[in-house]
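Trainee: Just a sequence and a predicted model for now, questions to come.
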Amino acid sequence: MEIQYLCRNNNCSYPGDTQCEIRFKEESIMDDNNLATVFCPFCKTEMMPSYFNDIISDQPGKIKGTTV
């Protein structure tokens, strides 16, 4: 299973038309006790897991990004 993270900085320098998105396989960023904190490679803002964005966002959009 993958976890998708989105940059939540409205002034991010990401060159795409949408938010910066990064996907990770669960096992690559978590173990039994810890979950990694993910930062945007463009603006260094802490990224938010997309399931939180789905809950609080009232305007979902097309999102492009990188799979790691």
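Mentor: Here it is on my side, so go on. Numbers count the residues shown, from 1 in each chain.

Trainee: and the closest residue in space to Ser50 that isn't next to it in sequence, how many neighbours?
Mentor: Closest residue to Ser50 apart from its sequence neighbours, by CB to CB, 6 or more residues apart in numbering: Gln4 at 4.0 Å. The way it works is simple: take the backbone N, C-alpha and C, and place the C-beta from them, glycine included. Residues lying near Gln4 (other CB atoms under 10 Å) number 18.

Trainee: Please apply the same query to the one 5 residues further on.
Mentor: Close neighbours of Asn9, defined as other CB under 10 Å, add up to 17.

Trainee: which residues does it contact?
Mentor: 40, 43, 45 (CB atoms under 8 Å, 6 or more residues apart in numbering).

Trainee: Let's see if you can find the most crowded of those.
Mentor: When neighbours are counted by other CB under 10 Å, Cys40 leads the contacts of Asn9 with 21 neighbours.

Trainee: Return the residues in contact with it.
Mentor: 7, 9, 12, 14, 20, 46-47.

Trainee: okay if I get these as CSV plus secondary structure?
Mentor: Listed next are the contacts of Cys40 as CSV, based on DSSP: H, G, I helix; E, B strand; the rest coil:
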residue, secondary structure
Cys7, coil
Asn9, coil
Cys12, coil
Tyr14, coil
Cys20, coil
Glu46, strand
Met47, coil
